[in-house]
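Asks: the sequence and its predicted three-dimensional model are supplied below.
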Amino acid sequence: MNDKKKKVKALGLCSGGLDSTLAGLVLKLQGIDVVYVSFETPFFSAGKARRASEKTGIPLIVADITDRYLPMLKNPPAGYGQHMNPCMDCHAMMFRVAGDMMQETGADFLFSGEVAGQRPMSQTKSSLRYVEKQSGYAGLILRPLSAKRLPETEMEKKGLVDRDALLDFSGRTRKPQIRLARQLGITDYPAPAGGCLLTDPNYSRKAKDLLEHMADAGREDFELLKYGRHIRLSPMAKLVVGRNMAENSRIISLYRPRCDVKLFMKGIPGPVGLIPRGADDDVIKTAAGICAGYGKTREGDAVQVHVTAFSGETVLSVIPIKANSAEGLTIL
């Protein structure tokens with residue numbers, strides 16, 4: 001390997017899954033200086049990427065891209081997948097952000113662990129071309145695991161990367177990846193998929209409802225979707241009810257005193273309730289009844305529910321309401 005080859009540097013998207021881990025190692029074996037980058041939002045984290053970095057010795061950069069991600073999520077040009085997952089535009093955005101980091105990291109090109117044909121929508125050859133074009137870094141993206149099934153890149157033509165040492169994986173089978181992992185001594189890796197909440201049908205249902213009713217939804221609103229029962233009270237109001245002590249704690253941690261309404265019962269085991277962005281008095285009273293309905297109360301007995309809002313704290317006396325039997329309510 002000559003000195004010029006040793007100076008080549010690549011910056012690669014890393015989810016921490018087997019494919020992205022292997023893509024970095026394939027390039028590292030060529031003497032290329034490899035760095036991983038992993039992005040975080042309320043929908044996915046860099047936890048697996050951190051573990052991949054530790055196992056491979058490949059340095060990792062972690063960046064939060066929520067502020068750039070949410071506007072795209074609300075109106076992805078290529079649309080959504082089966083649920084609320086904008087996979088093609090998500091990948092394009094990640095490459096765009098990584099490309100903006102190339103100069104500061106000194107990288108010559110970008111790469112990922114994408115495998116042609118592995119996913120029926122987001123990893124077809126046409127989808128890979130779309131992602132590259134929309135990223136703004138067309139011609140600077142290499143997919144080492146499928147390179148021999150894709151057009152030769154400028155990096156390969158210039159000799160920055162040895163095309164003969166790249167791979168020709170394709171399709172949904174993972175047998176070639178598993179064989180390569182064994183050869184490289186990688187035995188501990190996460191199962192495929194499951195890394196993005198936007199592919200989860202339950203989370204996606206709540207995310208869809210949120211965007212339909214709150215166009216300016218922000219980070220905290222999407223974080224809140226991870227916890228509790230979500231009950232649509234009106235087009236303008238939603239109640240989130242904790243299902244256990246852990247969820248109650250998380251919901252309390254996301255309470256915003258300047259705009260949200262918090263509900264709880266003192267002295268009676270039961271949930272914490274939260275109305276994001278508040279509601280009018282009638283809706284709050286309904287929400288208080290629902291919270292009481294999920295608590296350890298007797299049917300028909302009045303319950304005292306403490307309501308905390310920006311305007312102060314009040315106590316409402318309500319009859320417990322069973323949300324699943326209340327007319328006009330939707331449990332998400």
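Replies: Now that the structure is in, tell me what you want to look at.
Asks: mind listing the helices for the stretch 1-150 of the chain?
Replies: 3-6, 18-28, 47-56, 66-74, 87-100, 102-105, 125-135 (DSSP state H, counting those that start in this stretch).
Asks: ranking the ones you listed by burial, who's on top?
Replies: Highest mean neighbour count among these (mean count of other Cβ atoms under 10 Å): helix 18-28, with a mean of 24. No exception for glycine: its C-beta is placed from N, CA and C like everyone else's.
Asks: tilt between it and helix 47-56?
Replies: Relative orientation of helix 18-28 versus helix 47-56 (axes from the mean of the first three to the mean of the last three Cα atoms, to 10 degrees): 40 degrees.
Asks: what's helix 18-28 in contact with?
Replies: 10, 12-14, 34, 36, 49, 52, 55-56, 58, 111-115, 118, 142-145, 161, 165-167, 174, 177-178, 180-181, 184, 186, 189-190, 192 (Cβ atoms under 8 Å, 6 or more residues apart in numbering).
Asks: centre of the chain to it, how far?
Replies: 22 Å (Cα atoms, centre = their mean, to the nearest Å).
Asks: what do you get for stretch 233-247?
Replies: Centroid separation between stretch 233-247 and its chain, computed with Cα atoms, centre = their mean, is 21 Å.
Asks: what is the end-to-end distance of it?
Replies: 20 Å (Cα to Cα, to the nearest Å).
Asks: quick one: buried residues of that stretch?
Replies: Residues 233, 237-242, 247 are the ones in stretch 233-247 that count as buried (16 or more other Cβ atoms under 10 Å).
Asks: what's the closest of those to Asn324?
Replies: Asn324 lies nearest to Val241 out of the buried residues of stretch 233-247, by Cβ to Cβ, at 11.8 Å.
Asks: show me what contacts the residue nearest the centre of the chain?
Replies: In the chain, the C-alpha nearest the mean C-alpha coordinate belongs to Phe43, at 2.2 Å (Cα atoms, centre = their mean). Phe43 is in contact with 69, 196-198, 222, counting by Cβ under 8 Å, 6+ apart.
Asks: now swap in His213 and tell me
Replies: His213 neighbours (Cβ under 8 Å, 6+ apart): 232, 235-236, 238.
Asks: Phe222 now?
Replies: 42-43, 70, 207, 210.
Asks: and the gap between it and Ser204?
Replies: 12 Å (Cβ to Cβ, to the nearest Å).
Asks: can you redo the contacts of Phe222 as a markdown table with distance to Ala279?
Replies: Output for the contacts of Phe222, formatted as a markdown table (distance: Cβ to Cβ, whole Å):
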| residue | distance to Ala279 |
| --- | --- |
| Pro42 | 23 |
| Phe43 | 27 |
| Leu70 | 24 |
| Ala207 | 21 |
| Leu210 | 15 |
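Asks: what would the helices of the stretch 1-150 of the chain look like in CSV with distance to Glu152 and mean pLDDT?
Replies: As requested, these are exported to CSV (distance: least, Cβ to Cβ, whole Å; pLDDT from 0 to 100):
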stretch, distance to Glu152, mean pLDDT
helix 3-6, 17, 48
helix 18-28, 16, 96
helix 47-56, 26, 95
helix 66-74, 30, 97
helix 87-100, 19, 97
helix 102-105, 21, 91
helix 125-135, 14, 94
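Asks: who wins for proximity to Pro269 among those?
Replies: Among the helices of the stretch 1-150 of the chain, the nearest to Pro269 by Cβ to Cβ is helix 47-56 (33.0 Å).
Asks: which other helices and strands does the closest one contact?
Replies: Applying 3 or more Cβ pairs under 8 Å, 6 or more residues apart in numbering; DSSP states H and E, one finds that helix 47-56 contacts helix 18-28, strand 33-40, strand 60-64.
Asks: okay, the helices of the stretch 1-150 of the chain in TSV with distance to Ala215 next?
Replies: Compiled in TSV, the helices of the stretch 1-150 of the chain are given as follows (distance: least, Cβ to Cβ, whole Å):
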stretch	distance to Ala215
helix 3-6	51
helix 18-28	34
helix 47-56	31
helix 66-74	7
helix 87-100	18
helix 102-105	34
helix 125-135	24
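Asks: what about the strands in the protein?
Replies: For the chain, the strands defined by DSSP state E cover 9-13, 33-40, 60-64, 109-111, 141-142, 229-234, 237-241, 261-264, 273-275, 303-309, 312-318, 330-331.
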